[in-house]
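Colleague: just need the structure, nothing else, for what follows:
(chains A, B, C and D)
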2 protein chains.
Amino acid sequence: MHREADDNERETRSGRNIIEIIRTMRAELRKSDRKVADVVLKDPQRILNATVGETATFAEVSQPTVLRFAMAIGCKGFQDFKIRLAQSLAFGTPATHSVLLETDDPETVAEKIFEYTMTSLDWARSHLDRAALHKAIDILANARTIEFFGFGASGIVAHDAQQKFPLFGVPCGAQLDSHQQIMIASMMKQGDVAFVISNTGTTRSIIEIARIARANGAAVICLTGSDSPLASYCDVALIVETLENTNMYTPTISRIAALVVIDILSTSVAMRRPLEDQARFHNMKRQLSDMRKVQTI
Amino acid sequence: MHREADDNERETRSGRNIIEIIRTMRAELRKSDRKVADVVLKDPQRILNATVGETATFAEVSQPTVLRFAMAIGCKGFQDFKIRLAQSLAFGTPATHSVLLETDDPETVAEKIFEYTMTSLDWARSHLDRAALHKAIDILANARTIEFFGFGASGIVAHDAQQKFPLFGVPCGAQLDSHQQIMIASMMKQGDVAFVISNTGTTRSIIEIARIARANGAAVICLTGSDSPLASYCDVALIVETLENTNMYTPTISRIAALVVIDILSTSVAMRRPLEDQARFHNMKRQLSDMRKVQTI
DNA sequence: TCCGTTCTGTAGTAAAATTACATAAAACTA
DNA sequence: TAGTTTTATGTAATTTTACTACAGAACGGA
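Modeller: All right, here's what the predicted structure looks like:
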């Protein structure tokens, strides 16, 4: 008897993105099952409208093999497999379709970038460390002041964060300039929070900031793209994995995923705040909307 | 005989989001079909793992009625219906599940914000005006200089755009300060491009910028959230519709959609550039990556 | 009330998914 | 290397599921 997926832990949406699962499990599959895996990966859309028999023909195996394949990758049966496949395919097939070509017209570029962004967000979603998130929220909710640090694209994220957090009564700053960063970091103390943003996590000066802030007793949270050197200088590391590859035309998805994480943090922190602060926030929002209408130069 | 969905126009992704279709068609359905529609809308997830018989039981109708329902909403059969439903459900049911509650724990908040962001992006994707996109790319590709204007959250988008575009040999600026904006707009002339970003599109001062820049002969592109007053002062209006509602805890999705549009524009413009510029871009990227490693304070 | 149309359920049929079993291939042991 | 156990794959039977034909019921208009 061969491995059967544990039936208990599959409830609402445990094994998301069956295509990823197939790809990672491909190596350890039976030879015939691999044939099935290959036809599925090659043209998943075709399988959606196919029966067991048709799929068996495509893969040049027998019908039970197709069933066994479905079982092997953790599905209850062929129907269940098709449902899961359909859900994975809702974004379009990530890797295959999203590669930008020199010859693409603007509409295709738009489609691909949207697809790619959504797929990457989904990836980031499923790879986000929930424990770290919890811890970061705890720290931020109890912060006296928060300083956001970042360069380049990460600087944008820092700037965005600085716009959102003060709304709930916590004084914040965003430091985008290298010298300014050192100065501010040196002045931090117990009760302050340094929020360090760096996609690569290897930039020397930003690591230095984390080190200084921590040495001064501040809590340090980092938001980075992989388990980088920066993480070891921080109390909490929020690692936002994305599918970014180095292709010239691939846009920088990392900042978008980072912005979503900022949304999550600011929202969660806001929900912990006393009601009076929330009222003040509403007030602010109304004033801003008034200003928009009357403001002259 | 009753209406049958036209079979020819259903190919890859014509009838997207079957749930929306059901909701809109609900009124004109047969009485028994409506019973089926209701159980589907109430708990779509449950139908995914159900057979025709089970669905019939849930809706308290006969099995053929379930089949006729599937046909009525434009599916080829029950199987096809389930596949379509699964695809619609991949994001999670937007309206229902994505509403943030006071009682949500951080993990749920994270899930909901990711879901909501992805759903909104998908919405923006399908509502983006392709003709306007085309036109904007044409203008940007031939620009001598580009100035990005924006306040608040839109200022971040402007800042981001300013970081991406110069890479391809076009000098750019980002103006986030009101006075600075007026000054720069006043100095623009034929051949320059003013890229005005405002989610609401109603902020007076930003409309003024568009007016001034245009009066001076500059081409004006706006990136806004709806068909706003601002659009009438521009040569091209890129309208990025999002699902933003005014709920306190709903994060500002508009800036994320705007950033994706910036990605699309910059990528498309880059692809029109001569190869020498693309080489220069690669060079720059390498130098940046070198700097990251050696840079000390 | 009668006739025609539109719904909806019963019962039957075709087709698909799943299981049981047997044979072939591979791996392991002596 | 021969024999034995284990694993992998196909054939054929069985069950389940999706779909169709038909007939009775409900509704609407004259």
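
Colleague: tell me which residues in stretch A:73-88 are buried?
Modeller: A:73-75, A:78-88 (16 or more other CB atoms under 10 Å in any protein chain shown). (Each C-beta comes from the backbone N, C-alpha and C, glycine too.)

Colleague: report whether that stretch contacts chain B.
Modeller: Yes - contact of stretch A:73-88 with chain B (CB under 8 Å from any CB of the partner chain) involves A:Asp80, A:Lys82, A:Ile83, A:Arg84, A:Ala86, A:Gln87, A:Ser88.

Colleague: off-centre distance for that stretch?
Modeller: How far stretch A:73-88 lies from its chain's middle: 24 Å, per CA atoms, centre = their mean, to the nearest Å.

Colleague: for stretch A:149-165, same thing?
Modeller: Centroid separation for stretch A:149-165 versus its chain: 17 Å, with CA atoms, centre = their mean.

Colleague: now tell me what touches that stretch from outside.
Modeller: When contacts are defined by CB atoms under 8 Å, 6 or more residues apart in numbering or on different chains, stretch A:149-165 is touched by residues A:140, A:146, A:148, A:172-176, A:178, A:181, A:185, A:194-199, A:203, A:205-206, A:209, A:223, A:252, A:254-255, A:258-259, A:262-263, A:265-266, A:269, B:152-153, B:156, B:159-160, B:163, B:255.

Colleague: filter those residues down to the buried ones, ChimeraX style.
Modeller: One line in ChimeraX is enough to select the buried ones among the contacts of stretch A:149-165; burial here means 16+ other CB under 10 Å:
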select /A:140,146,148,172,174,175,176,178,181,185,194,195,196,197,198,199,203,205,206,209,223,252,254,255,258,259,262,263,265,266,269 /B:152,153,156,159,160,163,255
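
Colleague: and stretch A:163-183, how far out from the chain's middle?
Modeller: Taking mean C-alpha positions (CA atoms, centre = their mean), stretch A:163-183 and its chain are 23 Å apart.

Colleague: can you give me the first-to-last residue distance of that stretch?
Modeller: In stretch A:163-183, first residue to last residue: 21 Å (CA to CA, to the nearest Å).

Colleague: quick check, nearest of the buried residues of stretch A:73-88 to DNA strand C?
Modeller: A:Phe78 (3.2 Å; CB to the nearest atom of the strand).

Colleague: in this structure that closest one contacts A:Arg68, no?
Modeller: No - with contact defined as CB atoms under 8 Å, A:Phe78 does not reach A:Arg68; the gap is 10.4 Å.

Colleague: who touches both of the two?
Modeller: Common contacts of A:Phe78 and A:Arg68 (CB under 8 Å, 6+ apart): none found.

Colleague: just flag the most distant two among the residues of stretch A:73-88 next to chain B.
Modeller: A:Asp80 and A:Ser88 (12.8 Å; CB to CB).

Colleague: what is the burial count for A:Val220?
Modeller: Neighbour count for A:Val220, taken as other CB atoms under 10 Å in any protein chain shown: 27.

Colleague: tell me the bridge partners for it.
Modeller: On the basis of DSSP bridges, A:Val220 is bridged to A:Ala194.

Colleague: touching, it and A:Ala231? I think so.
Modeller: No - counting by CB under 8 Å, A:Val220 stays clear of A:Ala231, with 10.2 Å between them.

Colleague: point to the helix or strand of chain A where mean pLDDT is at its lowest.
Modeller: helix A:94-97 (a mean of 46; mean pLDDT, DSSP states H and E).

Colleague: report all helices and strands that whichever helix or strand comes after that helix contacts.
Modeller: Sequence-wise, the next helix or strand downstream of helix A:94-97 (DSSP states H and E) is helix A:106-127. In terms of contacts (3 or more CB pairs under 8 Å, 6 or more residues apart in numbering or on different chains; DSSP states H and E), helix A:106-127 is packed against helix A:94-97, helix A:254-272, helix B:106-127, helix B:130-141, helix B:254-272.
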